[in-house]
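1. show me the folded form of this:
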Amino acid sequence: MEIDHIGIAVRDLQAQIALYRDRLGLRFEGVEEVPAQKVRVAFFAAGGARVELLESTAPDGPIARHIERRGEGLHHVAYRVADIRAAMAEARAQGMELVDQEPRPGAHGALVCFLHPRSTGGVLTELVQHVGSEWQREHGGPGGGASRP
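-> Below you'll find the predicted structure:
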């Protein structure tokens with residue numbers, strides 16, 4: 001599988017955008033709000049993957065809770081899959097614990113599912129299927145990756 005993106009939890013999105021764009025030199029691709037996940041996301045190109053900075057839009061959102069418990073920093077690693085439902089079924093068959101029982105909407109119109117860190121060596125892992133998205137148009141294919149978690 002290929003890495004789709006690395007998600008980093010931040011308190012102040014604007015300050016971190018400046019850091020990643022101006023100091024680290026990553027190409028800034030814009031900001032999108034994902035209401036279903038109570039998050040605002042800034043995107044940066046990083047080779048064939050992206051870095052996503054995640055700022056909570058609500059005090060009870062998952063990113064706010066993550067920062068409260070663990071502070072800012074790495075939140076998750078996401079992998080591209082061609083068929084998210086097939087990847088979820090395979091993960092279940094392998095005895096992995098899924099956070100999401102059904103795919104949910106993600107940024108850029110993608111479908112996403114999280115695998116619990118208890119099943120993935122302590123790292124929150126996201127599966128991403130790009131469906132009719134900008135990424136899919138740029139890279140071709142139904143999801144841009146293998147269906148295996």
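2. CA atoms for contacts and neighbours, from now on please.
-> Noted.
3. Ala64 in helix, strand or coil?
-> Each residue gets one of three states, and Ala64 gets helix by DSSP: H, G, I helix; E, B strand; the rest coil.
4. not counting its neighbours along the chain, what's nearest it?
-> Leaving aside its sequence neighbours, Ala64 sits nearest to Ser56 (CA to CA, 6 or more residues apart in numbering; 5.4 Å).
5. contacts only, for that neighbour.
-> Residues in contact with Ser56, defined by CA atoms under 8 Å, 6 or more residues apart in numbering, are 11, 38-40, 62-64.
6. Tyr79 bridge partners, please.
-> Each beta-bridge partner of Tyr79 is listed here, defined by DSSP bridges: Ile3, Leu127.
7. that one and Glu68, how far apart?
-> Relative to Glu68, Tyr79 is positioned 26 Å away (criterion: CA to CA, to the nearest Å).
8. so which of those two has more stuff around it?
-> Remark: of Tyr79 and Glu68, Tyr79 carries more neighbours, 24 against 11, as counted by other CA atoms under 10 Å.
9. pull the contacting residues for the more buried one.
-> With contacts defined as CA under 8 Å, 6+ apart, Tyr79 is in contact with 1-5, 125-128, 149.
10. what's stretch 111-124 in contact with?
-> 75-77, 84, 88, 96-106, 125-131.
11. ditto for stretch 24-32
-> Contact with stretch 24-32 is made by 17, 20-21, 40-46, 107-108, as judged by CA under 8 Å, 6+ apart.
12. show me the contacts for His75.
-> Applying CA under 8 Å, 6+ apart to His75 gives the contacts 6-9, 66, 124.
13. for it, give its distance to Leu26.
-> With distances defined as CA to CA, the gap from His75 to Leu26 amounts to 19 Å.
14. can you check Pro59 too?
-> Taking CA to CA as the measure, Pro59 falls 29 Å from Leu26.
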